[in-house]
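Asks: have a look; sequence and predicted model below, questions after that.
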Amino acid sequence: MSNRDELIIRSLRVRMVEEKIIDLYPSDLIQSPVHLSIGQETVAVGVCAALDDRDMLFPNYRGHAFYLARKAPLKEFFAELMGRKTGISKGKAGSMHLAAPDYGVMGASAVVASTISHAVGAALAERIKGKSDRVFVAVFGDGATEQGAFFESLNFCSIHGLPVLFLCEDNSLAVHTSLDDRQSFSLERLSDAFGIVFFNEEAGFDPVAVFETTSAALRHLRGGSGPALLRVKTMRYREHVGPGEDFDAGYRAERTVTQWKKKDPLLGDLSRFTAEIALIRDEIDQAVEFAIGSDFPGIEELLTDVL
């Protein structure tokens, strides 16, 4: 099997998981709001395929794809979304706060841009400990680039030469507001102002292209040349939060999404993956059954795991 086919299958698995979430959502089994990655799966898969197991990933609230791309457990994922005690965080974190440190997935957060500084702090801690064998990836959307924490983190990282990859999933939207209506700066010029090398990938629909561009950025980071900023253009197909579509809101045109879908390898001919699709479907069904059959946490869990 080619590398492209392998990455497409991984991306397809993410999409199928989220399509199952859409199916389940009206039943109220999912116990938290969901920010779906449908349309953006290939970004997470391409990036994570380039990472080593030792690298640390700090996702944002739209983090399902990164959790799954890091091969964190699926049964515990569904149990977490359903608020069950067998969830990856005992049902306390839900969709927006996924964490699986054993798989390099550090805690996500619903607060925009908050995990960017977490990645920087973790990189600084490694530096203080005299370690230098890991890369720290801060994942955020283009809306987060307007937050003070983003600018402060770029500055701090540049001064200290920390091995942080600032990964911007650029879908040109902050909820319902387009990038052109929000920003007077460009990420490339901003990176240059901070002395940070800039990488750009326009073909966010292509997991191989994302993998190759990410690999180039990681070579820079592992070479000890300081932080890097990687922007990947992408497109979310669903509403900002929730399982539906929102073209009736009037903030974007359906034709824009349709044009992107024409390039989407997950919407092409997948007949050669019939066996793999069947295995993924079985895996998802077993995970959902596990989650539904799990108990909710009891009152004794209320104050556990609280620092």
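Replies: Cool, got the structure. Numbers count the residues shown, from 1 in each chain.

Asks: tell me if residue 169 really is in a strand.
Replies: Yes: counting by DSSP: H, G, I helix; E, B strand; the rest coil, residue 169 falls inside a strand.

Asks: so which residues of the protein form strands?
Replies: With DSSP state E as the criterion, the chain has strands at 56-58, 136-141, 164-170, 173-174, 177-178, 197-201, 228-233.

Asks: quick one: the ones you listed as JSON lines, columns for mean pLDDT, mean neighbour count and distance to residue 244 too.
Replies: (Glycine included, C-beta is placed from N, CA and C.) Converted to JSON lines, these look like this (pLDDT from 0 to 100; neighbours: other CB atoms under 10 Å; distance: least, CB to CB, whole Å):
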{"stretch": "strand 56-58", "mean pLDDT": "98", "mean neighbour count": "26", "distance to residue 244": "28"}
{"stretch": "strand 136-141", "mean pLDDT": "97", "mean neighbour count": "27", "distance to residue 244": "19"}
{"stretch": "strand 164-170", "mean pLDDT": "97", "mean neighbour count": "26", "distance to residue 244": "21"}
{"stretch": "strand 173-174", "mean pLDDT": "85", "mean neighbour count": "18", "distance to residue 244": "16"}
{"stretch": "strand 177-178", "mean pLDDT": "85", "mean neighbour count": "12", "distance to residue 244": "19"}
{"stretch": "strand 197-201", "mean pLDDT": "98", "mean neighbour count": "18", "distance to residue 244": "29"}
{"stretch": "strand 228-233", "mean pLDDT": "98", "mean neighbour count": "24", "distance to residue 244": "24"}
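
Asks: switch these over to JSON lines; also include distance to residue 86.
Replies: Shown next, in JSON lines, are these (distance: least, CB to CB, whole Å):
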{"stretch": "strand 56-58", "distance to residue 86": "23"}
{"stretch": "strand 136-141", "distance to residue 86": "26"}
{"stretch": "strand 164-170", "distance to residue 86": "30"}
{"stretch": "strand 173-174", "distance to residue 86": "35"}
{"stretch": "strand 177-178", "distance to residue 86": "39"}
{"stretch": "strand 197-201", "distance to residue 86": "37"}
{"stretch": "strand 228-233", "distance to residue 86": "34"}
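
Asks: off-centre distance for stretch 62-70?
Replies: Offset of stretch 62-70 from its chain centre (CA atoms, centre = their mean, to the nearest Å): 5 Å.

Asks: contact partners of that stretch?
Replies: The contact list for stretch 62-70, computed with CB atoms under 8 Å, 6 or more residues apart in numbering, reads 10, 13-14, 17-18, 21, 34-37, 40-41, 43-45, 47-49, 51, 57, 59, 74, 77, 95-96, 98, 100, 103-105, 108, 139, 141, 169, 236.

Asks: mind doing that once more with 7 Å?
Replies: Residues from elsewhere that reach stretch 62-70, judged by CB atoms under 7 Å, 6 or more residues apart in numbering: 10, 13-14, 17-18, 35-37, 40-41, 44-45, 48, 57, 59, 77, 98, 100, 103-105, 108, 139, 141.

Asks: same deal with stretch 21-36?
Replies: For stretch 21-36, using CB under 7 Å, 6+ apart, the contacting residues are 18, 61-62, 64, 81-83, 94-96, 238, 241-243, 292.

Asks: show the buried residues in the residues you listed.
Replies: The neighbour-count criterion (16 or more other CB atoms under 10 Å) marks 18, 61-62, 64, 81-83, 94-96, 238, 241, 243 among the contacts of stretch 21-36 as buried.
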